[in-house]
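Engineer: generate a structure from the sequence data that follows.
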Amino acid sequence: MVYSFLKRLLDIAIALSALILLSPVFVVIAFLIKLDSKGPVIADIPPRVGKNGKLFKMYKFRSMVAGAHDLLHNDPKFKTLLEEYQRNSYKINEDPRVTHIGRFLRKTSLDELPQFINVIKGDMSFVGHRAYYDFELEEQQKKFPESREYVKIILSSKPGITGLWQVSGRSNINFDKRVEMDAQYAQRRSILYDLWIIIKTIPAVLTTRGAV
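Structural biologist: This next block holds a predicted model:
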């Protein structure tokens with residue numbers, strides 16, 4: 001398919017350019033993360049769901065305390081926070097696990113930069129749907145049964161660093177609307193549509209709209 005070939009070329013060109021040009025930024029961010037808190041530079045998060053349901057490790061700069069996922073799900077002190085997380089479409093507005101430098105990284109989306117490695121590996125595309133957790137998809141489809149058909153559509157393609165929902169409100173959009181938008185993208189995707197989303201990503205990131 002011509003679109004798939006051109007999209008892969010675009011992905012590789014963008015990812016390679018970003019990794020080369022932003023390599024000094026990677027070094028600075030890594031230094032600040034280590035200076036700010038104990039733990040790895042890359043976040044220790046569970047696998048995400050990729051194309052056709054295949055799980056993969058998504059790379060992100062660590063913006064929370066080490067072991068944040070296990071703390072949320074297993075530490076009784078975070079029971080209320082876990083309930084908010086599940087109730088609020090898997091997002092938390094004021095998360096105490098976020099580090100000082102992490103707040104800045106998440107607000108500016110700099111924590112997403114290592115995902116260019118996923119693009120090079122072929123796990124992700126630059127433009128695509130959100131990379132969901134498997135437990136998130138399972139639990140949210142129970143909450144929103146009408147979302148099942150949308151999920152089937154979006155899992156036929158690769159997740160992306162940016163996408164339609166990211167430029168339309170990011171974390172302010174709930175799961176049911178988010179997967180509907182992701183499915184809409186999957187059904188009408190084209191190189192021109194991808195370029196339009198890339199252009200729209202710039203002001204969305206600069207204004208930090210919907211970032212948490």
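Engineer: mind checking what helix or strand follows the longest helix anywhere in the chain in sequence?
Structural biologist: Using DSSP state H, we find that the single longest helix of the chain is helix 2-21. For helix 2-21, the succeeding helix or strand toward the C-terminus, using DSSP states H and E, is helix 23-36.
Engineer: can you map out the helices along the chain?
Structural biologist: Under the criterion DSSP H, the chain carries helices at the ranges 2-21, 23-36, 68-74, 79-87, 100-108, 115-121, 134-143, 148-154, 175-188, 191-206.
Engineer: got a list of contacts for the fifth one?
Structural biologist: Translated: helix 100-108. 29, 32-33, 35-37, 61-64, 98, 110-111, 205, 208, 211-212 (CB atoms under 8 Å, 6 or more residues apart in numbering). In short, each C-beta sits where N, CA and C put it, glycine included.
Engineer: tell me which other helices or strands the helix or strand of the chain with the lowest mean pLDDT touches.
Structural biologist: In the chain, no helix or strand scores lower on mean pLDDT, DSSP states H and E than helix 79-87, which sits at a mean of 77. If you count contacts as 3 or more CB pairs under 8 Å, 6 or more residues apart in numbering; DSSP states H and E, helix 79-87 packs onto helix 68-74.
Engineer: which elements pack onto the helix it packs on?
Structural biologist: Checking 3+ CB pairs under 8 Å, 6+ apart, helix 68-74 ends up next to helix 79-87.
Engineer: I173 against Q166, yeah?
Structural biologist: No. At 9.1 Å, I173 does not count as touching Q166 under the criterion of CB atoms under 8 Å.
Engineer: okay, the two: which has more neighbours?
Structural biologist: Ranked by neighbour count (other CB atoms under 10 Å), I173 and Q166 place Q166 first, with 28 against 20.
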